[in-house]
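[1] need a 3D model of the following:
(one chain, ligands or ions: 1)
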Amino acid sequence: MILIVYAHQEPTSFNHALLETSVETLTACGHEVEVSDLYAMNFEARATRADFQQARDETRFGYAREQYYANRTNSFAPDIAAELDKVRRCDTLILQFPLWWFSMPAIMKGWVDRVLANGAAYGGSTGQFFERGMMAGRKAMVVTTTGAPAVMFNPSGMCGAMEAALWPIHNGILRFCGFDVLPPFVAHGVDIHDRETLKGILADYAGRLRTLGETEPMFFHPWSDYAGDMLLKPSVAARTIGQSARSAMQTTAHTNADAGKVESSIDAIDNTEAPFEVTEMTAYMTVIMTVTDTSWIGEYVAHVKPLMAKHGGKPFTISGMVEVLEGDTIPTQVATFAFPSMEALKAFMDDPEYKPWKEARLEGSTGSIFAYQSMG
Ligand SMILES: Cc1cc2nc3c(=O)[nH]c(=O)nc-3n(C[C@H](O)[C@H](O)[C@H](O)COP(=O)(O)O)c2cc1C
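    Numbering: from 1, shown residues only. Below is the predicted model of the structure:
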């Protein structure tokens with residue numbers, strides 16, 4: 001099934017003509033087509049608590065965390081659940097919209113925010129993003145119109161390369177969720193063309209759609225092109241518009257003195273933790289794990305982190321992407337936790353409260369856990 005998510009209010013617009021062309025052409029080619037006409041559906045663009053039928057955390061609202069929980073408990077609001085169902089059933093997703101401020105109109109951004117949900121389309125905390133995203137195996141394509149003529153979207157034009165304008169959507173949304181991204185169809189300067197030119201654009205679009213199945217996806221660097229620090233390996237030349245961009249921005253180093261100025265506004269945030277004080281008694285627990293089912297992780301972390309803290313334990317290093325240099329194990333996660341002593345570490349592992357979480361972990365992953373102390 002091909003799902004077209006469409007954002008335009010006006011049935012006499014050029015965007016609507018493109019939509020009609022796609023439905024007719026794809027249906028004639030034997031595809032099943034479904035359209036989510038966002039304005040016609042009065043689709044809610046705002047991401048709020050109302051998006052969840054039950055709350056994971058009533059006290060402090062974290063949208064992505066609630067998404068993860070709603071996906072596990074099937075408790076998304078009905079409009080999100082219905083769209084998610086369409087996305088899961090589609091083999092190709094088309095996002096069609098007029099380019100607004102080099103991006104998508106708010107109603108479509110709202111669809112992306114709410115429907116391509118954490119836990120459902122990608123796994124933020126489980127490493128399921130980019131080629132490992134949950135939408136892997138599906139294709140996606142952007143279809144857009146611009147007011148500005150094509151020349152302005154030339155790489156040396158006033159707007160810069162169209163490919164650069166669409167990079168956040170291509171890489172940051174579609175590829176991030178795992179889609180194979182097809183080259184976009186862009187109708188430039190539609191506000192200034194005559195009827196005949198516009199008809200020609202519709203014919204070009206129909207041609208693109210007829211060959212959709214044979215269209216090569218765009219190139220994105222695979223995970224294997226990155227080193228453990230998440231940067232492209234020195235031996236890999238950047239091949240995308242995003243990674244080859246030369247930044248004019250100066251990176252500002254944040255000092256503790258700067259931090260003091262903003263402290264009052266971040267009082268409510270408890271993500272900052274005091275550094276772990278390493279002594280000769282410190283015991284480390286290293287976990288090398290391959291996650292086979294991600295559904296347990298959100299709840300596991302929420303419960304086990306405070307339990308570990310009860311025994312004085314803290315995350316010491318949590319891996320980003322793991323690069324295998326030797327051996328057959330391909331872990332999705334390598335993490336080390338530090339405890340004040342070996343006794344404390346073992347007390348945590350033997351804590352009866354930990355038992356159900358340990359079972360959940362063992363059900364959803366394979367791997368090994370090591371405990372050790374430093375030889376100094
Ligand atoms: C809020 C807003 C923002 C826009 N931003 C851009 C833009 O960044 N670049 C551009 O080329 N055109 C921009 N436009 C023009 C639209 O892209 C253009 O009018 C539209 O693609 C025409 O298609 P339609 O006739 O189907 O509406 C913008 C229009 C609006 C209303």
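[2] all strands of this structure, in order?
    Counting by DSSP state E, the chain has these strands, from start to end: 2-6, 33-37, 92-98, 139-145, 180-181, 185-187, 283-291, 314-318, 333-339, 365-373.
[3] can you pull the contacts of the closest residue to Asp204 other than its chain neighbours?
    Closest residue to Asp204 apart from its sequence neighbours, by Cβ to Cβ, 6 or more residues apart in numbering: Phe185 at 7.9 Å. C-betas here are computed from N, CA, C, even on glycine. By Cβ atoms under 8 Å, 6 or more residues apart in numbering, the residues touching Phe185 are 141-144, 204-205, 208.
[4] of those residues, keep whichever come out buried.
    Among these, those scoring as buried are 141-144, 205, 208 (criterion: 16 or more other Cβ atoms under 10 Å).
[5] for the residue lying closest to Asp79 once chain neighbours are set aside, phi and psi?
    In space, not counting the residues next to it along the chain, Asp79 is nearest to Glu44; the distance is 6.4 Å by Cβ to Cβ, 6+ apart. With angles defined as degrees, to the nearest 10, Glu44 shows backbone torsions of phi -70, psi 120.
[6] which residues touch Glu44?
    By Cβ under 8 Å, 6+ apart, the contact set of Glu44 is 50, 79, 110, 114.
[7] ok, back up a step: can you list the strands of the chain in TSV and add mean pLDDT?
    Compiled in TSV, the strands of the chain are given as follows (pLDDT from 0 to 100):
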stretch	mean pLDDT
strand 2-6	98
strand 33-37	98
strand 92-98	98
strand 139-145	98
strand 180-181	98
strand 185-187	97
strand 283-291	89
strand 314-318	85
strand 333-339	89
strand 365-373	91
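[8] low pLDDT regions in the stretch 51-200 of the chain?
    In the predicted model of the stretch 51-200 of the chain, no residue satisfies pLDDT under 70.
[9] ranges for the helices of it?
    Counting by DSSP state H, counting those that start in this stretch, residue ranges of the helices within the stretch 51-200 of the chain are 63-73, 78-89, 106-115, 162-167, 195-210.
[10] the ligand contacts on this protein?
    With Cβ under 6 Å from any ligand atom as the criterion, the chain comes near the ligand at residues 8, 13-15, 98-102, 145-148, 190-191.
[11] hang on, the earlier thing: narrow the contacts of Glu44 to those that are buried.
    79, 110, 114.
[12] which one of these is nearest the ligand?
    Sorting the buried ones among the contacts of Glu44 by how near they are to the ligand, with Cβ to the nearest ligand atom, puts Gly110 at the top with 15.2 Å.
[13] which one is the closest one nearest to, not counting chain neighbours?
    Excluding the flanking residues, the one nearest Gly110 by Cβ to Cβ, 6+ apart is Ala45, at 2.7 Å.
[14] just the pLDDT at that neighbour, thanks.
    What the model reports for Ala45 is a pLDDT of 98.
[15] that one against Ile107, yeah?
    Yes: with contact taken as Cβ atoms under 8 Å, Ala45 and Ile107 are classed as touching, separated by 4.9 Å.
[16] higher neighbour count, the two?
    For Ala45 versus Ile107, neighbours defined as other Cβ atoms under 10 Å are more numerous around Ile107 (20 against 16).
[17] gap between the more buried one and Tyr39?
    For Ile107, the distance to Tyr39 under the criterion Cβ to Cβ, to the nearest Å works out to 6 Å.
[18] hey, what's in contact with both of these two?
    Once Cβ under 8 Å, 6+ apart is applied, the residues that Ile107 and Tyr39 both contact turn out to be Ala7.
[19] re the thing from before, show me the two of the contacts of Phe185 that sit farthest apart.
    The most widely separated members of the contacts of Phe185 are Val142 and Asp204, with 15.4 Å between them, by Cβ to Cβ.
[20] wait, which of the contacts of Phe185 is closest to the ligand?
    Nearest to the ligand among these is Thr144, at 7.2 Å by Cβ to the nearest ligand atom.
[21] skipping adjacent residues, who's closest to Pro340 in space?
    Using Cβ to Cβ, 6+ apart and skipping residues adjacent in sequence, the residue nearest Pro340 is Gly312, 4.3 Å away.
[22] pretty sure the one you found contacts Phe339?
    Yes: taking contacts as Cβ under 8 Å, Gly312 lies within contact range of Phe339: 5.7 Å.
[23] which of these two has more neighbours?
    Under the neighbour definition other Cβ under 10 Å, Gly312 and Phe339 were set side by side, and Phe339 has more, 26 against 17.
[24] tell me the contacts of that one?
    With contacts taken as Cβ under 8 Å, 6+ apart, Phe339 has the following neighbours: 282-285, 311-313, 345, 348.
[25] make it 6 Å
    Applying Cβ atoms under 6 Å, 6 or more residues apart in numbering, we find Phe339 in contact with 283, 312-313, 345.
[26] how near is Ala40 to Met218?
    Ala40 sits at a distance of 30 Å from Met218 (criterion: Cβ to Cβ).
[27] tell me which of those two has more neighbours.
    Ranked by neighbour count (other Cβ under 10 Å), Ala40 and Met218 place Met218 first, with 19 against 12.
[28] apart from its chain neighbours, what residue comes closest to the more buried one?
    Counting by Cβ to Cβ, 6+ apart, the residue nearest Met218 is Val181, at 5.0 Å.
[29] partners of that neighbour in the sheet?
    Beta-bridge partners recorded for Val181 (DSSP bridges): Ala140.
[30] coming back round to it: may I see the ChimeraX selection of the buried members of the residues of the chain next to the ligand?
    This is the ChimeraX syntax for the buried subset of these, where burial follows 16+ other Cβ under 10 Å:
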select :8,14,15,98,99,102,145,146,148,190
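[31] and the residue of the stretch 201-350 of the chain found nearest the ligand, how many neighbours?
    With Cβ to the nearest ligand atom as the measure, Ile201 is the residue of the stretch 201-350 of the chain nearest to the ligand, at 11.1 Å. For Ile201, the number of neighbouring residues by other Cβ under 10 Å comes to 21.
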